[in-house]
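> okay, structure incoming, though there's no sequence with it:
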């Protein structure tokens, strides 16, 4: 299984253990449940989403401001994911 790095804690995990977050073609941000979207994305481990918000990980990766509502939606999507 491929190893990926969490963008928030920089820990290394198997790909299936991480949540992949991608930027959609219309500029939105969502959880890539299949982890196969051909879009710009990053991996975050399950417990690091609050840290990612605090450290502004998504802002740096996607090079734009991310509203707090997006983080709430991502938390809900991630909870549905796994």
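Looks like it arrived, so ask away. The shown structure was predicted, so the numbers you read here are calculated from the model rather than taken from an experiment.

> and the residue nearest to the spatial centre of the chain, what are its phi and psi?
In the chain, the C-alpha closest to the average C-alpha coordinate belongs to residue 21, at a distance of 3.2 Å (CA atoms, centre = their mean). Torsion angles at residue 21 (phi, psi; degrees, to the nearest 10) stand at phi -110, psi 130.

> show me the contacts for it.
Residues counted as contacts of residue 21 (CB atoms under 8 Å, 6 or more residues apart in numbering) are 29-32, 41-44, 58, 74. C-beta: built from backbone N, CA, C; applies to glycine.

> if we use 6 Å, what do you get?
By CB atoms under 6 Å, 6 or more residues apart in numbering, the contact set of residue 21 is 31, 41-42.

> neighbouring contacts of the helix or strand of the chain with the lowest mean pLDDT?
Within the chain, no helix or strand scores below helix 68-81, which has a mean of 84 by mean pLDDT, DSSP states H and E. Under the contact criterion CB under 6 Å, 6+ apart, helix 68-81 has outside partners 19, 29, 31, 33, 49, 53.

> element containing the first one, please.
Using DSSP states H and E, residue 19 sits within strand 18-23.

> tell me where the chain has strands.
Listed in chain order, the strands of the chain (DSSP state E) span 3-5, 12-14, 18-23, 29-31, 41-45.

> for residue 45, which non-adjacent residue is spatially closest?
residue 6 (4.4 Å; CB to CB, 6 or more residues apart in numbering).
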